[in-house]
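In: quick one, fold the following:
(one chain, ligands or ions: 1)
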Amino acid sequence: MKIVDVLNQVGTPCYVYDAELIRNRYEKLQSHLPQGRSRFFFAMKSLSNLAILRLMRELKAGLDTVSLFEIQMGLQAGFEPSDIIFTPNVVHFSEIEAAVELGVGVNIENLNNLEKFGKKFGNDYPVCIRFNPNIAIEDQSSKKWYEESKFGIPYKKLGLILDLVQRYNIHVEGLHIHSSHVIMNHDILIKSAELMFQAALKFDDVRYVDFGGGLNPKPRKQEATDIVTIGKVLTTMLENYQHPSGEELQLRFEPGRFLVGEAGTLYVEATVLKKNGNVQFAGVDSGFNHLIRPMFYDSHHKIENMSNPEGRIEEYTVVGNLCEVDNFAKSRHIPTIREGDILAIHDAGAYGFSMSSQYNSRPRPTEVLLDGLEAFVIRERENFDDMVRNQVYRKINV
Ligand code: LLP
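Out: A predicted model of the protein is given here:
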């Protein structure tokens with residue numbers, strides 16, 4: 001199947017995801033991280049299309065959700081509540097109660113909600129506690145990241161957690177940490193595992209440790225997370241772990257970008273070529289309303305000219321059509337771009353569509369899933385009705 005044939009039918013801008021690549025990524029995780037002892041919960045905030053969720057369910061992944069609507073989408077995609085975990089941040093306690101009502105796994109990351117949880121549910125509903133491990137490794141970047149982080153309960157407050165657990169007889173079934181992909185590497189993961197394994201011994205019923213996401217297949221400034229070594233070290237650590245109750249630990253991971261980052265490409269069309277002094281701009285029919293990562297995080301996405309792959313290499317600043325600074329890439333070497341050429345912006349599967357907006361009143365793009373020789377539209381391009389839906393003029397009786 002040729003991607004141009006797909007694009008001829010659905011037009012650009014368009015996100016295209018490769019199901020086979022997602023399956024390969026999932027198998028890679030399964031084969032390298034301790035087999036039979038690890039479970040993977042897809043972080044759906046990275047790519048929340050129902051078709052992708054169904055694919056994850058086929059793979060027997062669980063789902064990591066951060067809002068009640070994400071939980072609802074997971075249920076709609078066919079996940080059992082027991083395969084869904086809810087790891088929200090600074091939410092109103094009513095969201096936690098709603099999640100309990102839905103029967104999903106609940107993660108608590110602050111002492112206030114833990115206390116409320118204890119008062120309300122006591123030992124009736126299990127809970128997982130998220131820590132901020134404050135791990136420092138040599139370059140100190142992680143220390144700074146954790147020190148400035150709003151996530152989790154500082155590890156040094158373990159005593160306070162244990163007091164609450166005892167006072168309300170809370171059933172703690174899991175311990176959780178998440179290290180952002182910005183700092184995540186082999187050392188961080190191993191250090192956090194050591195810390196969590198030690199903490200698990202202080203609770204009666206902990207049956208899993210959840211390492212969150214952050215596994216980074218393709219970072220620009222550091223090395224890719226070495227899951228082979230991590231897998232070996234974790235296996236040994238599991239073998240050496242001995243809780244007085246005899247309970248064995250399961251490992252959990254919440255990968256987002258590792259599974260879908262490289263599997264997604266944003267296809268755009270070059271609309272205008274122009275120069276300002278020495279800067280050569282290639283303007284395209286998309287912008288940070290569709291892929292905000294380059295502007296927001298300075299992320300690097302390889303850009304390929306699908307229409308002129310053998311062309312002479314030139315230097316371009318690839319820009320979107322929003323009415324403000326809107327760069328996909330600066331000073332990038334790409335084969336000559338002509339009006340009408342199709343450009344592929346790679347590694348856009350994670351936090352691409354899911355962070356898109358209607359800014360400048362432009363519709364969000366089409367999404368397509370390729371599966372072997374078949375292609376499926378999994379989300380239609382928005383239209384004008386989508387733009388004005390929910391805009392009302394309803395009197396509020398005050
Ligand atoms: N688990 C928790 C608790 C998280 O906070 C996150 C991501 C994940 C799992 C998944 O992380 P991943 O494996 O995808 O790195 N919008 C940013 C990334 C924000 C990540 C937020 N948390 C980006 O485009 O890079």
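In: would you mind measuring the gap between the ends of stretch 322-340?
Out: With Cα to Cα, to the nearest Å as the measure, stretch 322-340 spans 18 Å from end to end.
In: and it, how far out from the chain's middle?
Out: Counting by Cα atoms, centre = their mean, to the nearest Å, stretch 322-340 is centred 26 Å from the centre of its parent chain.
In: what's in contact with it?
Out: Outside stretch 322-340, the residues within contact range by Cβ atoms under 8 Å, 6 or more residues apart in numbering are 269-273, 282, 284, 286-289, 291, 294-295, 300-301, 303-305, 307-320, 343, 345, 359-360, 362. C-betas here are computed from N, CA, C, even on glycine.
In: and the buried ones among these, selectable in PyMOL?
Out: Those of those that count as buried under 16 or more other Cβ atoms under 10 Å are selected in PyMOL with:
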select buried, resi 269+270+271+282+284+286+287+288+289+291+294+295+300+301+303+305+307+308+316+317+318+319+320+343+345+362
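In: among the contacts of stretch 322-340, which are in helices?
Out: Counting by DSSP state H, the contacts of stretch 322-340 place Pro294, Met295 in helices.
In: which ones are touching Met56?
Out: So Met56 contacts Tyr26, Phe42, Met44, Leu63, Leu259 (Cβ under 8 Å, 6+ apart).
In: now for the residues you listed: which two are most distant?
Out: Farthest-apart pair in those is Tyr26 and Met44; separation 14.1 Å (Cβ to Cβ).
In: please say which of those two ends up with more neighbours.
Out: Counted by other Cβ atoms under 10 Å, Tyr26 and Met44 do not tie: Met44 has more neighbours, with 28 against 22.
In: residue contacts, Leu162?
Out: Taking Cβ under 8 Å, 6+ apart as the test, what Leu162 contacts is Lys202, Phe203.
In: now do the same for it: helix, strand or coil?
Out: Three-state call for Leu162 (DSSP: H, G, I helix; E, B strand; the rest coil): helix.
In: how deep is Gly105 tucked in, by neighbour count?
Out: Using other Cβ under 10 Å: Gly105 sits among 27 other residues.
In: now Phe51: which helix or strand?
Out: That one is not Phe; residue 51 is Ala. For Ala51, the host element (DSSP states H and E) is helix 50-58.
In: the helix or strand containing Leu21 near the ligand at all?
Out: Element membership of Leu21 [criterion: DSSP H and E] is helix 19-32. No. Helix 19-32 stays clear of the ligand (Cβ under 6 Å from any ligand atom), getting no nearer than 10.8 Å.
In: got the buried residues for that helix?
Out: Ala19, Leu21, Ile22, Arg23, Arg25, Tyr26, Leu29, Gln30, His32.
In: now the residues you listed as JSON lines including distance to Gly372 and pLDDT?
Out: Listed next are those as JSON lines, based on distance: Cβ to Cβ, whole Å; pLDDT from 0 to 100:
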{"residue": "Ala19", "distance to Gly372": "8", "pLDDT": "98"}
{"residue": "Leu21", "distance to Gly372": "12", "pLDDT": "97"}
{"residue": "Ile22", "distance to Gly372": "13", "pLDDT": "98"}
{"residue": "Arg23", "distance to Gly372": "11", "pLDDT": "98"}
{"residue": "Arg25", "distance to Gly372": "16", "pLDDT": "96"}
{"residue": "Tyr26", "distance to Gly372": "16", "pLDDT": "97"}
{"residue": "Leu29", "distance to Gly372": "21", "pLDDT": "95"}
{"residue": "Gln30", "distance to Gly372": "21", "pLDDT": "95"}
{"residue": "His32", "distance to Gly372": "25", "pLDDT": "94"}
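In: give the contact list for Phe281.
Out: Val272, Leu273, Lys274, Lys275, Tyr316, Thr317, Val318, Val319.
In: er, Ser354 actually
Out: Lys45, Ser46, Leu47, Ser48.
In: go on, Ser67?
Out: Pro88, Glu95.
In: I'm done for today, thanks for sticking with me.
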